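**Student:** fold the following.
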Amino acid sequence: MACKEPPVPRPRGYFKIDLPEKSFRTDTLPCGPHFDLAKHLFIENFKDRQSDTCWFNLYSPRYRARVHCTLFEVNDNLDLLIETAYQFAFKHEVKAKAIERKSFANKEHNAYGLIYNLEGNVASPIQFYVTDSTRHFLRGSLYFMSKPNEDSLAPVKTYFENDIEMLMNTIEWPQ
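**Tutor:** The predicted model follows:
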């Protein structure tokens, strides 16, 4: 007994998440814009509840995640829409360790926006908006259908952030 080392508790481990190579397809929403969308994402629950608003989800069954999206028409209310997106992101400030903002601009597609990257065990680790500043405004929030765990979800969160950036880079608004 004296020659053996004492047992040492091991930290909890997590399953390795295999992330496939990125591949994209062009998709068009019934309410207007089209963009390149990662092949693991599917558009679901399209509902046009009002003439100026469109709701839909980008769903990934493999990763049990949804990006809840709302498309608004801009009618002299761009400041209010941007402020609302800011408020939705900062509602998670209580749980977030940090909130990083990354601005975005694609003059070729007339698309400008911001990605909020929330660090910590938050319900929605990525939120974003993209707009043409005159007619269209798209806001989205990523949610995983599991208890928030920053350590285990970090690779998938980064994977989705790249998908969202691709959507923002390729969005083309209807005329």
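
**Student:** which parts of this structure are strands?
**Tutor:** 24-28, 34-38, 42-50, 53-60, 65-73, 98-106, 111-119, 126-131, 136-144 (DSSP state E).

**Student:** of these, which stretch is the most buried?
**Tutor:** strand 126-131 (a mean of 25; mean count of other CB atoms under 10 Å). In this view, the C-beta of every residue, glycine as well, is placed from N, C-alpha and C.

**Student:** for the closest residue to L19 other than its chain neighbours, give its distance to H34.
**Tutor:** Nearest residue to L19, sequence neighbours excluded (CB to CB, 6 or more residues apart in numbering): Y159, at 5.1 Å. Distance of Y159 to H34, computed by CB to CB, to the nearest Å: 22 Å.

**Student:** how about E172?
**Tutor:** Taking CB to CB, one finds E172 at 6 Å from H34.

**Student:** average pLDDT across the helix ranked longest in the chain?
**Tutor:** Scanning the chain for the helix with the most residues, using DSSP state H, yields helix 150-170. For helix 150-170, the mean per-residue pLDDT is 92.

**Student:** just the buried residues of it, please?
**Tutor:** Neighbour counts over helix 150-170 (16 or more other CB atoms under 10 Å) mark 152-153, 156-157, 159-161, 163-164, 166-168, 170 as buried.

**Student:** list the contacts of N162.
**Tutor:** Contact partners of N162, counting by CB atoms under 8 Å, 6 or more residues apart in numbering, are K22.

**Student:** pLDDT wise, what is Q50 at?
**Tutor:** For Q50, pLDDT reads 58.

**Student:** output the below-cut-off pLDDT ranges for the chain.
**Tutor:** 1-2, 13-15, 47-52 (pLDDT under 70).

**Student:** how close does the residue nearest to L19 sit to H40?
**Tutor:** 9 Å.

**Student:** intersection of neighbour lists for the two?
**Tutor:** The contact sets of Y159 and H40 overlap at Y63 (CB under 8 Å, 6+ apart).
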